[in-house]
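# structure, please.
(chains A and B)
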Amino acid sequence: MAEDLVLDTAIRDWVLIPLSVVMVLIGILRYFVSKLMRSYQSPDAKVVKEGQVVIRARSLRAAANFIPLKSFRARRAYFSNEENGLLYVPKGQVPNAQAQMFSDPNMAMDMMKKNLSMIIPQTLTFAWVNFFFSGFVAAKIPFPLTQRFRSMLQNGIDLSTVDVSYVSSRSWYFLNLFGLRGLFSLILGEENATDDTQRMMQMSGFGFDPTKSLSAEKDSLDIVQHEWALPKFEQRAEEVLRRLVS
Amino acid sequence: MVGAVEEAQLNRLENQVDNGGGGAWEYLCLVRKLKVRRSEKVLKHGLSILNDPKQRSKLGGEEWTLYEQVAIAAMDCQCVDIAKDCINALQRKFPESMRVGRLKGMLLEARGSWKDAEVAYSSLLEDNPLDQVIQKRRVAMAKAQGNISGAIECLNKYLEIFMADHEAWRELAEIYVSLQMYKQAAFCYEELILCQPLVPLYHLAYADVLYTLGGLENLQMSKKYYASTIDLTGGKNTRALFGICLCSAAIAQLSKGRNKEDKDSSELHTLAAKTLEKEYKQRSLTKLPLLTATLRNLKLPS
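Numbering: from 1, shown residues only, chains lettered A, B, ... in the order given. Here you go, the predicted structure:
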């Protein structure tokens, strides 16, 4: 069925553009509200130290070939020593981090605030879109889609013969939701609280788990084979000089 | 560290501002971004902006950052009164701020009242024990008072927590070198090479320290690091070239009695010597006989 439906330009004027404008405004509002509500979280000394340890271990792994073998071995022992190595975490402590994150009231409050500030506007806007802008075709997607998308994109339209490329305003809402992130980083500067997609990705991979990253670093450090790169440098230096002299 | 492009831009802006063209604000922003220490110029141009109420109101919220920058520059040039005025202005605007508290501590330091500054910093650290800048200021204070071992202690404690701060490692390395504790300095330089393996400065410094430590193994390693410096700088680093010659001479002397097989890298020092001669011919012809005499005296193995 490839008949071409002609969509009224009034749809564009009264549906698409107002919806985008409203979403932008809500995003800006959320940004300022989150700025007001943001409590200054003083960094925990242990967390900071672990972060720095990880950075140092990572740079050791990355540039191991630039320092002599003895120094590398000494540092590796310092990090992954069984008794008091920095990266060594006894097995019992590993599951603690998640429990700790829930029991720490500060962190829990913070996460709840962030979640709320994301969920509530989304829910409200979604309900508003459904209430006002449902039951008609809003736009046509330029590429063809399969029938499986019909239930997702055409929720208000009860005709089953309409081409799936004709979508309702709900899909325009979702498009804006994910697409306006770039616009927000332009208007609001780099750090803005409207990074919903990022936050959703963060929630699925659960937060900062220091002990796991430490043991991961330790494992990768144990694997590293030291191959001193300096002799190669000597030869390269020779070539450089030869080229300069000749 | 400042790259060549940024340095050129900075110098251009500086010339422009010095000769009466506009652009003082861009210059100050660039200085702030690159964290360069040009206190006199910052003081002069910053004050000219601050004393002109029209320009000051044009800055809007950035005015306070400018106050902070000018205050620090004034303290660096020992214009304590100007610094005091700036800090008072900031204090009126932000009464409970830690940044202003830090500036007041620095003012006490500039005046030389070390005990009061120490008290001020300790009270700030109580509220905020993980503030990096204040801990580093304590190290600087100890160093300024001549208490080098105290500075080393503070710096070591700082590095136990913030071990990824390469500026601190660099400072510690330089302090150790000044105290001739070369082994510890070598450790610090290794840390620096780990953080930024392709910066030739650290290779050069490490090679210097290894050469000073002496011993055949250290000399051989030092020669390799001079070679890596040459590689990283494209052969333009005169100090590394000299280093290669000196290392080769010292290695030859040390291994005179032993029957070492000829390493094929023995080409390196002859090449280095030739490059040095070429450089001196190009740049300072008068010193060329001095150079050739020195090289001959080194008795480089051929």
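# point out where chain A drops to low pLDDT.
A:1-3, A:38-43, A:82-108, A:110, A:156, A:189-211 (pLDDT under 70).
# kindly recompute the last result at 50.
Within chain A, the ranges that satisfy pLDDT under 50 run A:1, A:94-95, A:193, A:202-208.
# chain B now?
Using pLDDT under 50, the flagged stretches of chain B are B:262, B:264.
# outline the domain layout of it.
B:1-94, B:198-302 (automatic domain parsing).
# with mean neighbour count and distance to residue B:146 added, can I get these in a markdown table?
Where you see a C-beta, it was placed from the backbone N, CA and C, and this is true even at glycine. Converted to a markdown table, the domains of chain B look like this (neighbours: other CB atoms under 10 Å in any protein chain shown; distance: least, CB to CB, whole Å):
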| stretch | mean neighbour count | distance to residue B:146 |
| --- | --- | --- |
| domain B:1-94 | 16 | 19 |
| domain B:198-302 | 18 | 24 |
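# quick one: the ones you listed as JSON lines, columns for distance to residue A:63 too.
Formatted as JSON lines, the domains of chain B follow (distance: least, CB to CB, whole Å):
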{"stretch": "domain B:1-94", "distance to residue A:63": "17"}
{"stretch": "domain B:198-302", "distance to residue A:63": "9"}
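# can you list those in TSV and add distance to chain A?
Shown next, in TSV, are those (distance: least, CB to the nearest CB, whole Å):
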stretch	distance to chain A
domain B:1-94	13
domain B:198-302	4
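# which of these sits closest to residue A:172?
Closest approach to residue A:172 among these (CB to CB): domain B:1-94, 37.2 Å.
# residues contacting residue B:207?
Contact analysis of residue B:207 by CB atoms under 8 Å, 6 or more residues apart in numbering or on different chains lists B:222-223, B:225-226, B:229, B:240, B:243.
# redo that, cut-off 6 Å
Residues near residue B:207 by CB atoms under 6 Å, 6 or more residues apart in numbering or on different chains: B:222, B:225-226, B:243.
# and the furthest pair within those?
Taking CB to CB, no two of those sit farther apart than B:225 and B:243, at 8.4 Å.
# can I take it that residue B:275 is in a helix?
Yes: using DSSP: H, G, I helix; E, B strand; the rest coil, the assignment for residue B:275 is a helix.
# and it, what does it touch?
A:241, A:244-245, B:241.
# neighbour-wise, which one of those leads?
With neighbours set by other CB atoms under 10 Å in any protein chain shown, the maximum within those is found at residue A:241, which has 28 neighbours.
# that one and residue B:54, how far apart?
58 Å (CB to CB, to the nearest Å).
# show me which residues of the helix or strand encompassing residue A:244 are buried.
Per DSSP states H and E, residue A:244 falls inside helix A:230-245. Buried residues in helix A:230-245, counted by 16 or more other CB atoms under 10 Å in any protein chain shown: A:230, A:233-234, A:237-238, A:240-241, A:244-245.
# run the chain-centre distance for that helix.
Distance of helix A:230-245 from the chain centroid (CA atoms, centre = their mean, to the nearest Å) equals 44 Å.
# can you tell me if it touches chain B.
Yes: counting by CB under 6 Å from any CB of the partner chain, chain B is contacted by helix A:230-245 at A:230, A:233-234, A:236-238, A:240-242, A:244-245.
# which strands and helices lie in contact with that helix?
With contacts taken as 3 or more CB pairs under 6 Å, 6 or more residues apart in numbering or on different chains; DSSP states H and E, helix A:230-245 sits against helix B:216-233, helix B:267-283.
# C-terminal to the longest one, what's the next element?
Yep, that's helix B:216-233 we're talking about. Downstream of helix B:216-233, the first helix or strand assigned by DSSP H and E is helix B:238-254.
# give me the next element, helix or strand, following the lengthiest helix in chain A.
In chain A, taking DSSP state H as the definition, the longest helix is helix A:105-132. Note on helix A:105-132: by DSSP H and E, the next helix or strand toward the C-terminus is strand A:139-140.
# that next one pairs with which strands?
Strand A:139-140 has the following strand partners under DSSP bridges: strand A:166-167 (antiparallel).
# centre of the chain to the partner strand, how far?
In terms of CA atoms, centre = their mean, the centre of strand A:166-167 is found 30 Å from the chain centre.
# residues making contact with it?
Identification of contacts with strand A:166-167 by CB under 6 Å, 6+ apart yields A:137, A:139-141, A:153.
# would you mind measuring from the residue of the stretch 1-150 of chain B at minimum distance from chain A to residue B:157?
Closest approach between the stretch 1-150 of chain B and chain A, counting by CB to the nearest CB: residue B:130, at 5.5 Å. Residue B:130 is 13 Å from residue B:157, where distance means CB to CB.
# of those two, who's got more company?
Ranked by neighbour count (other CB under 10 Å), residue B:130 and residue B:157 place residue B:130 first, with 16 against 13.
# can you confirm the more buried one is in a helix?
No: counting by three-state DSSP, residue B:130 is not found in a helix; it is coil.
# can you give me the helices in the stretch 101-250 of chain B?
Taking DSSP state H, counting those that start in this stretch as the test, the helices found in the stretch 101-250 of chain B are B:114-127, B:132-144, B:148-161, B:166-178, B:182-195, B:200-213, B:216-233, B:238-254.
# could you do chain A as well?
With helices called from DSSP H, chain A shows them at A:9-11, A:17-37, A:45-62, A:69-80, A:96-103, A:105-132, A:150-153, A:169-188, A:196-204, A:210-223, A:230-245.
# save these as CSV, and put in distance to residue B:203 too.
Putting the helices of chain A into CSV (distance: least, CB to CB, whole Å) gives the following:
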stretch, distance to residue B:203
helix A:9-11, 66
helix A:17-37, 45
helix A:45-62, 16
helix A:69-80, 14
helix A:96-103, 39
helix A:105-132, 43
helix A:150-153, 58
helix A:169-188, 39
helix A:196-204, 39
helix A:210-223, 23
helix A:230-245, 9
